[in-house]
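[1] Next one to model:
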Amino acid sequence: MSTSDRLGDASGMGGDGSRDRMAILAGTGQNVIGLGIFVVASFGMNVLIAQAFGKGSAAFGQITVATQLAFVAGAATRFGMDMAAVRRVAIEVGRGEGGRARAIVRIAVAIALAVSAVVALLAFLFAPSIGSLMRAPAGAYRAAAVALVFVAIAQVYLGGSRGLKIMRHTLYAYWIGQSISWIAFTLVGWAVFGRTVQVTVLAYAASWVFATAVAWFFWRKESGRFPVQLPAEPGEARALIRYGAPRAPAALLSQALFYTDLFVLSVKLPAGDPALSIYAASVRVSQALVLFLTAVSYMFSPFVADLHERGERERLNELFKSITRWTLALTVPLLLLFMIAPGPVLRLFGSDYDAGTAWLRILLIGQAVNVSVGAAGFILIMVGRTTWDLAVYASSFLLDLAMALLLVPHLGPKGAAIAQATTLVFSNALRLYLVWRFVRIQPYDRDYARLLIPAAIGAMAMLVVHSILGGPKWALDLVGTGLVGGLVYYTVFLLFGLTPSEKGAVMRMLHRTLGT
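    Numbers count the residues shown, from 1 in each chain. Got it, this is the predicted structure:
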């Protein structure tokens, strides 16, 4: 019997595996909704910026680099305290001592605040030099310096909530709150102060201030429900720092991994070259492919920490296989759409952005491998192998940087795309090996073959629609190809992609939902 069948049988019996899976699916469903809004809002914000500053402007690329530097720096300066909060809170709740959660997160926030404030001050003081290097206004990097502090703190509070296996706080504060408020603050800022790169990045900082306030409010509300509030254990701060020390540079490198080639390209291209903005848009589109992976990984993380701490490896292995296959299954339609109709997708940013179609297809190869490996990186972190996690990111960063420096001068954006795709393949293969070595679990079983028929038929449907609608009416092409291809894929997936036990579980859920 395959893993999926065992899990399907558990769902019928109400076993622990079923409860875990249903909790993950429920949290993932919430996350997908929030991430869907985040993707649409972020996409809309990118299009808004591209359209507002006009064709041929380097502003889109400058804003992308500045805001992503703030996000990357925030990931590093929270010193791994977001993942430490997830892990420690999940373990304490599993032990029946959830009342200690608030004290743990309070210490984690203090550590993240101390580190991020120092880095933000240095970034603020050296903003003119950074701006000169990146060929962007110094004011943009002063605003980015402010943003990074709140990026760090907000994520620690949200990590604590995820440790409680609550995903909706991440939706309210981050996926929905931060992304939509950035649009709102930007429009207000443009109306009051003018349409500039500096104002746009400052609005980004304001959106993270808002997200931090929302994250803090909901964390205080949920963590206060434990009947007894316990103090942190002796040495908790030292333990958090020891755990977070490798996570800090690893988090920095994990974010830099998606943008190292972009940064190299921004330095190598002539000032004002629109290719930078087109490549930045291609990177943003390719990252939409990890929508479902991110949704599942965030919800899966506390279960990894809890089950591994209690030694339930087989249960963890079954969950890993199940959620990875479902993550890939949900991602396939998006991958097919981006591969088959990359031009119309990029035209959303502007009429000349379809010049990046070849770059986008290359980037998608790396992201497809990333999705197929599943939450392997989160597993390494949640079982405490943070040093090895750092080793993966360090070697991957060096590979990406070396390839970008080698290829970009000769191939331009195409070389940058090759560098990123190659690096993602390497890093995920290494991560998969380490999960097997240390935890003895892996995400694959024979049921993956069930995805081939839906993927093939969905691709054929998209190719037919794209060939019919392709032309000057690119928006109709994009919508028609996506809707028809997605409908065909999911229909075939329900018929052929599910195991018998999964079909039974789906039917039981439908009957319960419809009250029949």
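
[2] Report all helices and strands that the one helix or strand Phe397 maps to contacts.
    Using DSSP states H and E, Phe397 maps to helix 386-411. Judged by 3 or more CB pairs under 8 Å, 6 or more residues apart in numbering; DSSP states H and E, helix 386-411 is in contact with helix 236-256, helix 260-268, helix 376-382, helix 413-439. For glycine as for every other residue, the C-beta is placed from the backbone atoms N, C-alpha and C.

[3] Mind listing what's buried along stretch 450-468?
    Neighbour counts over stretch 450-468 (16 or more other CB atoms under 10 Å) mark 450-451, 454-455, 457-459, 461-462, 465-466 as buried.

[4] tell me how far it is from the chain's mean position?
    Chain-centre distance of stretch 450-468: 26 Å, with CA atoms, centre = their mean, to the nearest Å.

[5] which of the buried residues of stretch 450-468 lies closest to Val40?
    Met462 (20.6 Å; CB to CB).

[6] you'd agree that closest one is up against Phe338?
    No. Taking CB atoms under 8 Å as the definition, Met462 is not a contact partner of Phe338, at 10.4 Å.

[7] any idea how far the residue nearest in space to the middle of the chain is from Ala147?
    Centroid-nearest residue in the chain, with CA atoms, centre = their mean: Thr294, separated by 4.6 Å. The gap separating Thr294 from Ala147 is 20 Å, by CB to CB, to the nearest Å.

[8] Give the phi and psi angles for Pro234, as a check.
    For Pro234, the backbone dihedrals are phi -60, psi 140 (criterion: degrees, to the nearest 10).

[9] Flag the helix or strand of the chain with the lowest per-element mean pLDDT.
    When the helices and strands of the chain are scored by mean pLDDT, DSSP states H and E, helix 3-13 comes last with a mean of 33.

[10] which sections of the stretch 51-200 of the chain are below the confidence cut-off?
    For the stretch 51-200 of the chain, the stretches flagged by pLDDT under 70 are 55-57.

[11] pLDDT weak spots in the stretch 201-350 of the chain?
    Applying pLDDT under 70 to the stretch 201-350 of the chain flags no residue at all.

[12] For it, which segments count as strands?
    In the stretch 201-350 of the chain, no strands are defined using DSSP state E, counting those that start in this stretch.

[13] all helices of it, in order?
    Ranges of helices in the stretch 201-350 of the chain, per DSSP state H, counting those that start in this stretch, are 236-256, 260-268, 275-287, 291-309, 313-340, 342-347.

[14] Make CSV from those and add distance to Tyr393 to it.
    CSV is the format used below for the helices of the stretch 201-350 of the chain (distance: least, CB to CB, whole Å):
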stretch, distance to Tyr393
helix 236-256, 4
helix 260-268, 11
helix 275-287, 17
helix 291-309, 16
helix 313-340, 21
helix 342-347, 28
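
[15] what's the closest of the ones you listed to Ala368?
    Ala368 lies closest to helix 313-340 among the helices of the stretch 201-350 of the chain, at 5.8 Å (CB to CB).

[16] Against which helices or strands is the closest one packed?
    Contact partners of helix 313-340 among helices and strands, from 3+ CB pairs under 8 Å, 6+ apart: helix 3-13, helix 16-53, helix 291-309, helix 357-373, helix 452-469, helix 474-492.

[17] Any chance of JSON lines for those, columns distance to Thr77?
    Formatted as JSON lines, the helices and strands packed on helix 313-340 follow (distance: least, CB to CB, whole Å):
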{"stretch": "helix 3-13", "distance to Thr77": "39"}
{"stretch": "helix 16-53", "distance to Thr77": "22"}
{"stretch": "helix 291-309", "distance to Thr77": "20"}
{"stretch": "helix 357-373", "distance to Thr77": "25"}
{"stretch": "helix 452-469", "distance to Thr77": "41"}
{"stretch": "helix 474-492", "distance to Thr77": "38"}
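
[18] Buried deepest among these, which one?
    Greatest average neighbour count among the helices and strands packed on helix 313-340 goes to helix 291-309 (a mean of 23), per mean count of other CB atoms under 10 Å.

[19] that older thread, what's the angle between the helix holding Phe397 and helix 236-256?
    20 degrees (axes from the mean of the first three to the mean of the last three CA atoms, to 10 degrees).

[20] same question for helix 386-411, mean pLDDT?
    Throughout helix 386-411, pLDDT has a mean value of 93.

[21] quick one: it to chain centroid distance?
    Between the centre of helix 386-411 and the centre of its chain there are 19 Å (CA atoms, centre = their mean).

[22] just stretch 144-155 next, same as before
    Mean C-alpha position of stretch 144-155 versus that of the full chain (CA atoms, centre = their mean) differs by 17 Å.

[23] For it, output the C-alpha coordinates as PDB.
    Below are the C-alpha coordinates for stretch 144-155, written out as PDB (Å, rounded to 0.1, in the frame of the first residue of the first chain):
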ATOM      1  CA  ALA A 144      14.800  50.500   3.300                       C
ATOM      2  CA  ALA A 145      16.900  50.700   6.500                       C
ATOM      3  CA  VAL A 146      13.800  51.600   8.500                       C
ATOM      4  CA  ALA A 147      11.800  48.800   6.900                       C
ATOM      5  CA  LEU A 148      14.300  46.000   7.800                       C
ATOM      6  CA  VAL A 149      13.700  46.500  11.500                       C
ATOM      7  CA  PHE A 150      10.000  45.900  11.200                       C
ATOM      8  CA  VAL A 151      10.500  43.100   8.700                       C
ATOM      9  CA  ALA A 152      12.500  41.300  11.400                       C
ATOM     10  CA  ILE A 153      10.100  41.900  14.300                       C
ATOM     11  CA  ALA A 154       6.900  41.100  12.500                       C
ATOM     12  CA  GLN A 155       8.200  37.700  11.300                       C
END
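
[24] Just the residues contacting that stretch, thanks.
    If you take CB atoms under 8 Å, 6 or more residues apart in numbering as the criterion, stretch 144-155 is touched by 66-67, 69-71, 73-75, 77-78, 81-82, 109, 112-113, 115-117, 119-121, 123-124, 127, 173-174, 178, 201-202, 204-205, 208-209, 211-212, 215.

[25] And the buried ones among those, selectable in ChimeraX?
    To isolate the buried members of the contacts of stretch 144-155 in ChimeraX, using 16+ other CB under 10 Å:
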select :66,67,69,70,71,73,74,75,77,78,81,82,109,112,113,115,116,119,120,123,124,127,173,174,178,201,202,204,205,208,209,211,212,215
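
[26] Nearest to Lys221, out of the helices of the stretch 201-350 of the chain?
    Using CB to CB, the nearest of the helices of the stretch 201-350 of the chain to Lys221 is helix 291-309, at 18.4 Å.

[27] Could you check how far that closest one is from the centre of its chain?
    Per CA atoms, centre = their mean, the displacement of helix 291-309 from the mean C-alpha position of its chain is 13 Å.

[28] Likewise for stretch 94-103?
    On the basis of CA atoms, centre = their mean, stretch 94-103 sits 27 Å off its chain's mean C-alpha point.

[29] thinking again about what came up before, between helix 357-373 and the helix holding Phe397, find me the angle.
    With the same axes, to 10 degrees defining the directions, helix 386-411 sits at 160 degrees from helix 357-373.

[30] Taking helix 413-439 as reference, get the angle to helix 386-411.
    Angle of helix 386-411 versus helix 413-439, following the same axes, to 10 degrees, is 160 degrees.
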